[in-house]
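A.B. asks: quick one, what's the 3D model for this:
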Amino acid sequence: MSGRAQLGPIPGGVPALSAEARALYLEVVKSGGRLSRSANFPANDRSLNELIEIGLLVPDSDDKGTLIAVDPAQLSARLSGTWQRQALDLLSRAVSLPVELQELAQEFHSPEKTGGSVEYVQGKVLINQRLDQYMAAGAEETLALQPGGPRPPELLAAMVERDLEALGRGTTMRTIYHASTRYHQPTRDYVARLARAGAQYRTLDEPYTRLIVIDRRLAVIPVADDMTLAAFIFEPVIANYLVEEVFEPSWSRALDFDGDRAVPHQVVSRLRQTIIDLLLAGTNHRVIARRLGISERTLARHIAEMREEYNVDSLFQLGYVLARASEGPAGTGRSPSAAAPEL
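C.D. replies: Numbers count the residues shown, from 1 in each chain. Okay, here's the model as predicted:
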C-alpha cells in the first residue's frame with residue numbers, strides 16, 4: 001500500500017487524497033455506496049485509482065464489475081494498526097543497522113584495503129583519531145617527518161601510551177623532528193622514553209614537509225597550511241615512493257636523537273648561524289624564537305654566549321662584529337664556534 005493510504009490531512013497539511021478523489025467517494029456514498037465500472041471511468045482514471053489504492057473502494061465479491069464503498073472509520077483503524085507495526089519495524093531496523101554494518105565499516109577503513117583511494121579528513125582531532133585507528137589495527141612500520149619545532153606537551157602525553165603499546169606489539173618506528181626540539185624538555189622526555197622501548201629519532205635543521213607513512217601502504221600528507229586538513233592516500237606505490245624519495249634521504253642527513261640533554265656541536269653551530277643571519281636581517285627576538293621553534297629564553301642564552309665569545313657587551317656591538325665577520329677578507333664570513341653545551 002502506498003504512502004497515500006491514509007485518511008484526512010497528514011502532518012504538514014498535505015491531504016492524503018486529492019480533492020477529486022474525495023469528491024468521487026462522496027458521490028459514490030450518496031449513490032448508495034456502489035459504483036459500476038463503466039466507460040465513464042476509464043482504467044487510468046486518477047481519482048478512481050486513488051480510492052482503490054487506499055482501500056476506500058473494493059470490488060464486490062458477487063459482482064467484480066462493481067466497486068463498493070468501505071467505511072472510512074474501519075479502514076482507518078485497520079491501517080493505523082498496520083502502520084504502527086511497520087513503524088516499530090523500521091525503528092528496530094534503524095537501531096540495529098549501525099551494529100549490523102560495524103564489521104563492514106571496519107573493513108572499509110582498514111589499512112588492508114586495496115590501494116587507489118584518497119580520503120580527506122578535516123580537523124586535527126579527527127586526523128589524530130584516524131591515525132590512532134590505523135596504529136591500533138596492528139601497524140608493522142611507521143615513518144614520520146614532523147617539522148615545526150617542539151610539539152605541544154599535552155599531545156606528547158596523549159601519544160606516549162599509544163606509541164609504547166605499538167612498540168610492544170613489534171611496530172618499527174622512525175621519526176624526524178626539527179633540531180629545535182632538542183631544547184624542549186617535554187619532547188626530550190618523550191623521545192627518551194620511546195627510544196628506550198626501541199623507537200628511533202633524528203633531528204634535521206633544514207626545511208622539510210610533514211609526512212606520515214604506515215606500512216608503506218598508507219601515506220598521510222597535509223592539504224591545508226594550518227594542518228587542519230589531511231589527505232589519507234591508500235596507494236602502496238605512492239607511499240613507497242614518498243618513503244624512498246622523501247623520508248629516507250632526510251633520514252640519512254639527520255642526526256641521531258635519543259632525548260639526551262647534550263646537544264651535538266653540529267646542531268649548535270647551525271642553529272647559531274641561523275640566529276646570526278636573522279639578527280643581521282633585523283628580525284626581532286620573538287620572531288626568531290618562533291621560527292626556530294625555541295623559547296625566547298633559550299634564544300637569549302645563545303645570544304649571551306655569542307656576546308661572550310666575541311667579547312662584546314651589547315646587541316648593537318654584537319651585530320656590528322657579526323656584520324664585519326660576514327664581510328671577512330675572503331668574503332666567506334666567519335661563523336661563531338660552539339661547543340656542545342648541556343641544557
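A.B. asks: any idea which helix is longest in the chain?
C.D. replies: Criterion DSSP state H: the longest helix present in the chain is helix 72-108.
A.B. asks: and that helix, how far from the chain's centre?
C.D. replies: Mean C-alpha position of helix 72-108 versus that of the full chain (C-alpha atoms, centre = their mean, to the nearest Å) differs by 33 Å.
A.B. asks: mind listing what's buried along it?
C.D. replies: Going by neighbour count (16 or more other C-beta atoms under 10 Å), the buried part of helix 72-108 is 75, 79. For glycine as for every other residue, the C-beta is placed from the backbone atoms N, C-alpha and C.
A.B. asks: then stretch 306-320?
C.D. replies: 306-307, 310, 312, 318.
A.B. asks: mind putting these in TSV, pLDDT and distance to residue 50 included?
C.D. replies: Output for the buried residues of stretch 306-320, formatted as TSV (pLDDT from 0 to 100; distance: C-beta to C-beta, whole Å):
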residue	pLDDT	distance to residue 50
306	83	92
307	84	94
310	81	97
312	84	98
318	78	93
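A.B. asks: can you pick out the most distant pair from these?
C.D. replies: For those, the farthest-apart pair by C-beta to C-beta is 306 and 312; their separation is 8.7 Å.
A.B. asks: how about residues contacting stretch 19-31?
C.D. replies: For stretch 19-31, contacts defined as C-beta atoms under 8 Å, 6 or more residues apart in numbering pick out 15, 17, 34-35, 46-48, 50-51, 56-57, 67, 69.
A.B. asks: try stretch 57-71
C.D. replies: Residues outside stretch 57-71 that contact it (C-beta under 8 Å, 6+ apart): 25, 28-29, 33-37, 48, 51-52, 55-56.
A.B. asks: can you pull out the helices in the stretch 101-250 of the chain?
C.D. replies: Remark: helices assigned in the stretch 101-250 of the chain by DSSP state H, counting those that start in this stretch are 124-136, 153-168, 185-196, 236-242, 248-253.
A.B. asks: and those helices: which comes nearest residue 300?
C.D. replies: Of these, nearest to residue 300 by C-beta to C-beta is helix 185-196, at 16.9 Å.
A.B. asks: can you give me the buried ones in the closest one?
C.D. replies: With burial defined by 16+ other C-beta under 10 Å, the residues of helix 185-196 counted as buried are 186-188, 190-191, 194-195.
A.B. asks: equivalent analysis for stretch 20-32, please.
C.D. replies: 21-22, 24-25, 28.
A.B. asks: what do you get for stretch 166-176?
C.D. replies: By neighbour count on 16+ other C-beta under 10 Å, the buried set for stretch 166-176 is 166-167, 171, 173-176.
A.B. asks: over to stretch 260-277?
C.D. replies: 263-264, 267-272, 274-276.
A.B. asks: bridged to residue 142, which residues?
C.D. replies: Residues in a beta bridge with residue 142, per DSSP bridges, are residue 173, residue 214.
A.B. asks: measure it to residue 172 for me?
C.D. replies: 7 Å (C-beta to C-beta, to the nearest Å).
A.B. asks: likewise residue 145?
C.D. replies: From residue 145 to residue 172 the distance is 16 Å (C-beta to C-beta).
A.B. asks: off-centre distance for stretch 235-253?
C.D. replies: 22 Å.
A.B. asks: what's the answer for stretch 27-38, then?
C.D. replies: On C-alpha atoms, centre = their mean, the centre of stretch 27-38 falls 65 Å from that of its chain.
A.B. asks: and what of stretch 212-232?
C.D. replies: With C-alpha atoms, centre = their mean as the basis, stretch 212-232 stands 9 Å off its chain's centre.
A.B. asks: what's near enough to touch the residue nearest to residue 212 when sequence neighbours are not counted?
C.D. replies: Sequence neighbours aside, residue 220 is the residue nearest to residue 212 in space, at 4.2 Å (criterion: C-beta to C-beta, 6 or more residues apart in numbering). Taking C-beta under 8 Å, 6+ apart, we find residue 220 in contact with 127, 131, 211-214, 230-233.
A.B. asks: one step back: okay, the helices of the stretch 101-250 of the chain in CSV with distance to residue 87 and mean pLDDT next?
C.D. replies: Converted to CSV, the helices of the stretch 101-250 of the chain look like this (distance: least, C-beta to C-beta, whole Å; pLDDT from 0 to 100):
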stretch, distance to residue 87, mean pLDDT
helix 124-136, 34, 87
helix 153-168, 44, 88
helix 185-196, 54, 91
helix 236-242, 48, 94
helix 248-253, 60, 93
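A.B. asks: could you dump these into CSV and include distance to residue 296?
C.D. replies: Below are the helices of the stretch 101-250 of the chain laid out as CSV (distance: least, C-beta to C-beta, whole Å):
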stretch, distance to residue 296
helix 124-136, 26
helix 153-168, 18
helix 185-196, 16
helix 236-242, 35
helix 248-253, 28
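A.B. asks: quick one, which of those is nearest to residue 291?
C.D. replies: Nearest to residue 291, of all these, is helix 185-196, at 17.4 Å by C-beta to C-beta.
A.B. asks: having no further points to raise, I will conclude here.
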